[in-house]
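Enquirer: Below is the structure, and that's it, no one-letter string:
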């Protein structure tokens, strides 16, 4: 009797758990379908071009608005120029000239941002002029070293006097 009752209880337990598992999978299927719809919508949204800012390809820059203006910059100035352009929030594209011996880059801007471009160029040129007009620290140190070398050395004589 005891084994029949245990067997019956175990069968009922398994039956209840199987029903719960069936409900759980149905719930999971509904969630999975909702998740798949959400992901499909995200993929569709991502196919639409997002608005880019800062450095971009020349194709994207021209496609974005009505036109572009350009400024030629050398390679050494390019890094500083990027920083300043990002600070002013200007959209720009950089193109390298391959024909010339000296590496020269053209920086293209949106035609709409003409005022921001003027401010950017003014700020950048002021910054460059301040850097060039600033005296070199190494040269100043060299001058001080030369002064110290050429200065006469003091001769100190220390002699003890004996007195009694």
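Expert: Ah, there it is. This is a predicted model, so every value here is computed, not measured. Numbering: from 1, shown residues only.
Enquirer: and the longest helix along the chain, how far out from the chain's middle?
Expert: Ranked by residue count, the top helix of the chain under DSSP state H comes out as helix 2-47. Taking CA atoms, centre = their mean, to the nearest Å, one finds helix 2-47 lying 45 Å from the centre of the chain it belongs to.
Enquirer: and that helix, what's its mean pLDDT?
Expert: When pLDDT is averaged along helix 2-47, the result is 75.
Enquirer: ditto for stretch 104-113
Expert: For stretch 104-113, mean pLDDT rounds to 79.
Enquirer: which residues touch that stretch?
Expert: Contacts to stretch 104-113, defined as CB atoms under 8 Å, 6 or more residues apart in numbering, come from residues 58, 61, 64-75, 78, 81, 85, 90-97, 117. C-beta: built from backbone N, CA, C; applies to glycine.
Enquirer: picking that back up, need the next SSE after the longest helix of the chain, C-terminal direction.
Expert: Next in sequence after helix 2-47, counting helices and strands by DSSP states H and E, comes helix 58-64.
Enquirer: buried subset of the contacts of stretch 104-113?
Expert: For the contacts of stretch 104-113, a burial check counting by 16 or more other CB atoms under 10 Å picks out 61, 64, 68, 73, 81, 85, 90-94, 117.
Enquirer: Out of the residues you listed, which is nearest to residue 162?
Expert: residue 81 (76.5 Å; CB to CB).
Enquirer: For that closest one, which residues are in contact?
Expert: Residue 81 is in contact with 73, 107, 124, counting by CB under 8 Å, 6+ apart.
Enquirer: what helix or strand does residue 163 sit in?
Expert: Going by DSSP H and E, residue 163 is not part of any helix or strand.
Enquirer: how many other residues sit next to it?
Expert: When neighbours are counted by other CB atoms under 10 Å, residue 163 registers 4.
Enquirer: Show the pLDDT at it.
Expert: The model reports residue 163 with a pLDDT of 70.
Enquirer: What of residue 91?
Expert: pLDDT at residue 91 comes out at 82.
Enquirer: rewinding a little: in terms of secondary structure, what does the longest helix of the chain contact?
Expert: Applying 3 or more CB pairs under 8 Å, 6 or more residues apart in numbering; DSSP states H and E, one finds that helix 2-47 contacts no other helix or strand.
Enquirer: what about residue 102, which SS state?
Expert: coil (DSSP: H, G, I helix; E, B strand; the rest coil).
Enquirer: Now that it has come up, it's in contact with residue 72, right?
Expert: No. Counting by CB atoms under 8 Å, residue 102 stays clear of residue 72, with 10.9 Å between them.
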